[in-house]
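Colleague: Using only what follows, build the 3D model:
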Amino acid sequence: MNCLHRIKNNRNIHFFTLLLVGILAMLAFISVRHFFRIDLTGSQQYSISKASKNIMRELDDIVTVKVFFSKELPPNLFTVKQYTEDILSDLSSFSKGHLSVRFLDPSDEAVSKEAVTLGIPPIRMNILAKDKFEVKNGFLGIALMYADQYEIIPVVQSTQNLEYDLISSVKKLITPEVRRVGFTTGHGEYSILQDNLMSDGDNYNEFSKSLEKNYKLKEIDLKNDSTEGIHTLIVGGPRESFSEDEKYALDQFLMKGGHLVYLVPSVYVDSDLKTSVVDTNLTDLLTYYGVTTHSSLVLDTSNETASFAQGVINFIVPYPLWVKVLSESFDTENPIVSKLESLVLPWGNPLTIDVSDGVRAATLAKTTDSSWLQNEPFNLDPNAPEDIDATRMSYDLIAILAGDFNSFYSDSYSYSQKEGFLSSSDGKGRMIVIGNARFITDRVLQQFPQNLKFILNTIDYLTLDESLIGIRSKTVSDRPLKNLSGNQRQWVKMIGIFLMPILVVVFGIFRYIHRKKQRIVL
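Modeller: Numbers count the residues shown, from 1 in each chain. Next up is the predicted model:
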């Protein structure tokens, strides 16, 4: 009986195995003709975003995409090539035939000349050929063409922001109006001049390079230059006072529907950790609109580590003055920050929000409830003891204001009589205030690249198309761990030490009992 039972079981196993193979073969056959993808990533990193689908569906004329990818590529770039082919195929399927994709082989001399003419350079690659690596020139660029215009992605080195680069290039091609972003100058602001030979890390080179993909940039001297044609104006870390005429120019820019980004720290920290209170003469203007920056530094138990030198020794320590804002401290309703995982603000100042009727305000980012303030005299020493008597509470770090603003100069006879003076806005202008400007300098972005995502989201939201924010924010550059108390850390440690041995023992016991039962049956 036992022998017949085993034969029957073996026949069932073979039958179900053949049935499973047949089902898998049928699914493979169907998938070749009907493509679908299951994306299990938390941010849907490998799926086309809703914004991209909408932009593709809205195309009413042909946009041609020429892909110049060499056939011979290093092994680490095979996935980049496959992802590029997949995403362009997906985008084309949503465009109703208006996105024409052509894959060209640069080994053809005419094709390689066309690539170079368009601005796609050959790059040096290590190619494995005949069991050895050889250095060869290759191409990894994309050209997007619409009418007599074109946009170039010179080198596709990773898949991280490829969807955003493609969609923003399409958006730029089909949008006739060129958007302009201005940076005030003349008050010690951070420079946007892209001169790497002169760079010391304390400028906005990387930020401005990223902005130039979608906008025209211009430095604005408010004493001599007009803000006409500027859509968004950035006040990036001034250390000197603005004159009343310059403040008037900022005020009227907002009244005319322009967007303002104030990166205005009240405390400046130099390379030797020496501090000085900054008087930009903008406090009364910002307070009138509804936001006050304070001359205090924020500390938080949610913070990043910082590197310091002591003689010839470098050491890294948790630094409460480098506040790390996590996802639960962002405004989940605002697309600028709703999909961000973290943001690091070194030596930031707190804000107080108190707006008048007609103006709407929201806090984009704030500290945890375990943060506290430090006032003058400031002690930035990383080894300084924590102030256990300080009041612990949450502080606002980033504010956004919109609505009907009234001019700061409405009650000033000399300014209100100027030609073209506007006493109130038309409700189109928006303003973002951050008591920090260092967080997007080159030096900080090298360590915390997620900060760049935030500021680019901010500019897109104000200037271009907030739908693009969702495309960029799909890529996670930082996945911070949740802050745990001392007891919670101990529990995690104990579980990590003992859980696996316990599971192995339990599995062994069940295995032993199961085998014993089998022997009894036999």
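
Colleague: got the residue ranges for the helices in this structure?
Modeller: Taking DSSP state H as the test, the helices found in the chain are 2-33, 50-57, 78-94, 109-118, 162-174, 205-211, 244-255, 283-289, 413-416, 442-447, 450-463, 467-472, 486-521.

Colleague: nearest to Leu193, of those?
Modeller: helix 205-211 (7.6 Å; CB to CB). Yep, even glycine has a C-beta here, placed from its N, CA and C like the rest.

Colleague: So which other helices or strands are in contact with that closest one?
Modeller: In terms of contacts (3 or more CB pairs under 8 Å, 6 or more residues apart in numbering; DSSP states H and E), helix 205-211 is packed against helix 442-447, helix 450-463.

Colleague: Any buried residues in it, and which?
Modeller: Within helix 205-211, the residues that count as buried by 16 or more other CB atoms under 10 Å are Asn205, Glu206, Phe207, Ser208, Ser210, Leu211.

Colleague: same question, stretch 85-93
Modeller: In stretch 85-93, counting by 16+ other CB under 10 Å, buried: Ile87, Leu88, Asp90, Leu91, Ser92.

Colleague: nearest to Thr79, of the residues you listed?
Modeller: Ile87 (12.2 Å).

Colleague: Could I get the contacting residues of that closest one?
Modeller: Ile87 makes contacts with Ile48, Leu162, Glu163, Leu166, as judged by CB atoms under 8 Å, 6 or more residues apart in numbering.

Colleague: Quick check: the third one touching Ser52?
Modeller: Yes. With contact defined as CB atoms under 8 Å, Glu163 counts as touching Ser52 (6.1 Å).

Colleague: Show me the common contact partners of the two, please.
Modeller: Common neighbours of Glu163 and Ser52 (CB under 8 Å, 6+ apart) are Ile471.

Colleague: Export the buried residues of stretch 85-93 to JSON lines and append columns for distance to Gln447 and pLDDT.
Modeller: JSON lines is the format used below for these (distance: CB to CB, whole Å; pLDDT from 0 to 100):
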{"residue": "Ile87", "distance to Gln447": "30", "pLDDT": "90"}
{"residue": "Leu88", "distance to Gln447": "33", "pLDDT": "91"}
{"residue": "Asp90", "distance to Gln447": "34", "pLDDT": "88"}
{"residue": "Leu91", "distance to Gln447": "34", "pLDDT": "90"}
{"residue": "Ser92", "distance to Gln447": "38", "pLDDT": "90"}
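
Colleague: As CSV, the residues you listed with distance to Ser296 would be great.
Modeller: What follows is those, written out as CSV (distance: CB to CB, whole Å):
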residue, distance to Ser296
Ile87, 47
Leu88, 51
Asp90, 50
Leu91, 48
Ser92, 54
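
Colleague: Domain-wise, how is this structure divided?
Modeller: 1-34, 50-172, 179-293+347-366+396-472, 488-522 (automatic domain parsing).

Colleague: from those, which stretch is densest packed?
Modeller: Among the domains of the chain, domain 179-293+347-366+396-472 has the highest mean neighbour count (mean count of other CB atoms under 10 Å), at a mean of 18.

Colleague: low pLDDT regions in the stretch 1-150 of the chain?
Modeller: 1-11, 29-46, 127-134 (pLDDT under 70).

Colleague: which regions of the chain sit below the pLDDT cut-off?
Modeller: 1-11, 29-46, 127-134, 194-201, 311-312, 465-470, 472-487, 489, 519-522.

Colleague: what residues are up against the closest residue to Thr275 other than its chain neighbours?
Modeller: Among residues not flanking Thr275 along the chain, Phe378 sits closest, at 4.5 Å (CB to CB, 6 or more residues apart in numbering). Residues near Phe378 by CB under 8 Å, 6+ apart: Val267, Thr275, Leu297.

Colleague: Thr159 against Phe78, yeah?
Modeller: No. Judged on CB under 8 Å, Thr159 makes no contact with Phe78 at a distance of 11.6 Å.

Colleague: Look up which residues are beta-bridged to Leu140.
Modeller: Phe69 (DSSP bridges).

Colleague: ok, Phe330 to Val337 distance?
Modeller: Phe330 sits 4 Å away from Val337 when distances are taken as CB to CB, to the nearest Å.

Colleague: quick check, nearest of the buried residues of stretch 85-93 to Met494?
Modeller: Ile87 (44.8 Å).

Colleague: how much space between the residue nearest in space to the middle of the chain and Ala28?
Modeller: In the chain, the centroid-proximal residue (CA atoms, centre = their mean) is Lys453; its distance is 1.8 Å. Lys453 is 38 Å from Ala28, where distance means CB to CB.
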